[in-house]
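Engineer: prediction below, plus the sequence it came from.
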Amino acid sequence: MRLIIKGGRVIDPANNIDELLDILIADGKIAAVEAGISEVNTETIDARNKIVCPGFIDMHVHLREPGFEYKEDIVSGTKAAAAGGFTTICAMPNTDPPVDNFVTASYIVDRAKILGVVNVLPIGTITKKQAGSELSAIAELVDAGCVAVSDDGKPVVRADIMRNALEYAKMFSIPVLSHCEDIDLAKGGLMHEGYFSTIYGLKGIPTAAEELMAARDIILAELTGAHIHICHASTKGSMDLVRNAKARGINVTCEVTPHHLTLSDEIVGSYDTFTKVNPPLRSSEHISALRAALQDGTVDCIATDHAPHNFESKDCEYELASFGISGLETAIAVVMDKLVNTGVLKINEMVGLFTVGPAKVLGIDKGSLTLGKIADISIIDPEARKVVNPNDFYSKGKNTPYKNMELKAWPWMTIVNGQVVYREGKVI
Ligand code: DOR
Ligand code: ZN
C-alpha cells in the first residue's frame, strides 16, 4: 500500500520542518518527505492549503470501557479521536473495574487492537481499585502495555503511597500522572472559588486545592528523582510551581486542557451543567497565566481530559451533575480558533504541543514524521468553518460547553498506520 500526500504545508516540530512538501507512505511507514514526489498508479491526496502534521496524541482520555459503556466505549471513543484529528490516545483507568492489573489492562489493549480506529495506550491505576491504600502491581501493568500510572479522577491522598508509586514508576521509566486535588479543601465545590462563585451562589473550589497537591508531588519527585506529570493543571500557582521546579532540574511535566485555556468561570452563570468540570473553569487571570506558560515552555502538552457522560448525568441540578467535558472532537478546532488564529500560539508551537510534546512526556516513539516511522498523520484545514454540533459527535458524550460555537480550522484527515481513518467529516 502506497499513498502520497501532496502539496501540503508540512509542520514537523521534532524535525524542525515547516515547508510545502509531499509525503510518501509505503507499507504503513513514512517513506519520503520531500518536494516533487509523484508516482503513477499511487493514490494521491491533494493537500494544497492544508497543514500536514505528525499524528496528534491525546494523553488524557476517558474511554469508559469497561463498565461505563453507556457513556463511551472503545469504538465510539476511538472514532471520536479520529474525527478530532488524534492518532494516538491514552485511556485513563477510572473504569469499572479499574485498570489495576494485567488482565484488565490486556483487555483494553486487545479490544483496542481489534475495534479501535486509532492507537490506544492504556494507563494503569496507581493504587488497587483506586482506593488509595495499596499500590497496584505496576510491573504487571507495564508488562501489559501501560505507558503510565494514574488514579485520575481522584488524588492519591497519602504521601507515603505516592512516594512508593514514584519509586516503582521510576524503575520502569514511566511517569506518574497526578490528579492534584486536596479533597478536603475541594469538598462540595462546584466551580472555581472567586468573584463569580459568590455572585452565582455556588460553592467554590479554591486554587489552593490543586496547588497544595502539585507542590507535594513536585517535592516527592525531587525526593525520588522520579517523573511526576501534573494532569489538567489549571491555575497560575500550578504554573509557577512547575516552572520553578523545572528550573531546579526536577523531573516534572504538565498538561493543560483546551477548556481551561479558553473558557472562564463567568460562563457557569448559565448554570449549564456542561460547564461543570474538575478542576473547574478558572478566572481570566488564570487563563492568562496558562497561556503565558504555554508560550514559555512550562507546559509540555495539551490534553483534552475527554470526559464523556450520558444525558442523565448532566440533565439535572448543577449540584448533582457529573464533572466532565467531552473534548476529543473540538480540541484542535478550539486551540486553532482561540489560540492560533488569535496569535497567542504559533502554529508550529501548537503542533508541538499535540505531537512531540506528549510523546516526550510518555517516552513513546511517536510524534514525528521521521523517515521509517509508522505513518500516523493529522491534516488540518485552516480555512474550514463549522458550528459545534454535539449531535454530529462520534462520541457518546454530547456534553460540550462549545455547543453552537463557530470555530475556524478543523481536522480534515486522520491517517493511522498509513490508513486513512477520517476524511472530511466521516470516520472511514
Ligand atoms: O471533570 C472531570 N471528569 N475531571 C476528572 O478528574 C475526572 C473526569 C471523569 O472521569 O469524568
Ligand atoms: Zn481525567
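Structural biologist: Thanks, I have the structure now. Ligands and ions are numbered 1, 2, ... in the order given.

Engineer: from here on, just use CA atoms for contacts and neighbour counts.
Structural biologist: Fine.

Engineer: residue contacts, the residue of the stretch 201-350 of the chain found nearest ligand 1?
Structural biologist: In the stretch 201-350 of the chain, no residue comes nearer to ligand 1 than residue 324, which is 3.3 Å away by Cα to the nearest ligand atom. By Cα atoms under 8 Å, 6 or more residues apart in numbering, the residues touching residue 324 are 274, 276, 277, 278, 305, 306, 307, 308, 309, 399.

Engineer: 10 Å - rerun?
Structural biologist: 62, 153, 273-280, 305-309, 313-314, 397, 399-400 (Cα atoms under 10 Å, 6 or more residues apart in numbering).

Engineer: so which of the residues you listed are also by ligand 1?
Structural biologist: Filtering these for proximity to ligand 1 (criterion: Cα under 6 Å from any ligand atom) leaves 153, 277, 278, 307.

Engineer: of the residues you listed, which is the nearest to residue 186?
Structural biologist: residue 278 (10.0 Å; Cα to Cα).

Engineer: measure residue 196 to residue 110 for me?
Structural biologist: Using Cα to Cα, to the nearest Å, residue 196 is found at 46 Å from residue 110.

Engineer: these two - which one has more neighbours?
Structural biologist: Higher neighbour count among residue 196 and residue 110: residue 196, with 20 against 13, using other Cα atoms under 10 Å.

Engineer: this protein against ligand 1: which residues are in contact?
Structural biologist: 152, 153, 277, 278, 307, 323, 324.

Engineer: isn't the second one right up against residue 94?
Structural biologist: Think residue 153. Yes. At 6.8 Å, residue 153 and residue 94 qualify as touching, with contact defined as Cα atoms under 10 Å.

Engineer: which one's more surrounded, these two?
Structural biologist: Set residue 153 next to residue 94 and count neighbours by other Cα under 10 Å: residue 94 wins out with 26 against 19.

Engineer: relative to residue 185, how far out is residue 191?
Structural biologist: Counting by Cα to Cα, the gap from residue 191 to residue 185 is 13 Å.

Engineer: mind listing the shared neighbours of those two?
Structural biologist: 204, 205, 206.

Engineer: separation between the residue lying closest to residue 391 once chain neighbours are set aside and ligand 1?
Structural biologist: Nearest residue to residue 391, sequence neighbours excluded (Cα to Cα, 6 or more residues apart in numbering): residue 398, at 6.9 Å. Residue 398 sits at a distance of 13 Å from ligand 1 (criterion: Cα to the nearest ligand atom, to the nearest Å).

Engineer: tell me how many other residues surround residue 398.
Structural biologist: The burial count for residue 398: 23, using other Cα under 10 Å.

Engineer: what sits against it?
Structural biologist: Residues counted as contacts of residue 398 (Cα under 10 Å, 6+ apart) are 71, 274, 308-311, 314, 325-327, 389-392.

Engineer: which of these are buried?
Structural biologist: For these, a burial check counting by 16 or more other Cα atoms under 10 Å picks out 71, 274, 308, 309, 310, 314, 325, 326, 327, 390.

Engineer: among those residues, which ones are in helices?
Structural biologist: residue 314 (DSSP state H).

Engineer: name the next helix or strand downstream of the longest helix along the chain, please.
Structural biologist: As assigned by DSSP H, the longest helix anywhere in the chain is helix 207-224. Sequence order places strand 228-230 as the next helix or strand after helix 207-224, per DSSP states H and E.

Engineer: other SSEs contacting the very next helix or strand once past that following strand?
Structural biologist: Moving toward the C-terminus from strand 228-230, the next helix or strand (DSSP H and E) is helix 236-247. On a contact count with 3 or more Cα pairs under 10 Å, 6 or more residues apart in numbering; DSSP states H and E, helix 236-247 meets helix 207-224, strand 228-230, strand 252-256, helix 284-295.

Engineer: quick one: the strands in the stretch 51-200 of the chain, in order.
Structural biologist: According to DSSP state E, counting those that start in this stretch, the stretch 51-200 of the chain carries its strands in the segments 51-54, 56-61, 86-91, 119-122, 149-150, 176-178, 191-192.

Engineer: what residue in the stretch 101-250 of the chain comes nearest to ligand 1?
Structural biologist: For the stretch 101-250 of the chain, Cα to the nearest ligand atom, closest residue to ligand 1: residue 153, 3.6 Å.

Engineer: and that residue, what is it in contact with?
Structural biologist: 62, 92-94, 130, 178-181, 278-279, 323-324.

Engineer: and if we set it to 6 Å?
Structural biologist: Shown in contact with residue 153 (Cα atoms under 6 Å, 6 or more residues apart in numbering): no residues.

Engineer: distance check, it against residue 23.
Structural biologist: 40 Å.

Engineer: and for residue 129?
Structural biologist: Distance from residue 129 to residue 23, by Cα to Cα: 45 Å.

Engineer: show me which of those two is the more surrounded one.
Structural biologist: Per other Cα under 10 Å, whichever of residue 129 and residue 23 has more neighbours is residue 23, with 27 against 21.

Engineer: just to be sure, that one is in a strand?
Structural biologist: Yes. Judged by DSSP: H, G, I helix; E, B strand; the rest coil, residue 23 forms part of a strand.

Engineer: still on that earlier bit, who has more neighbours, residue 191 and residue 185?
Structural biologist: Counted by other Cα under 10 Å, residue 191 and residue 185 do not tie: residue 191 has more neighbours, with 28 against 16.

Engineer: residue 163: neighbouring residues, count only.
Structural biologist: By the criterion of other Cα under 10 Å, residue 163 has 18 neighbours.
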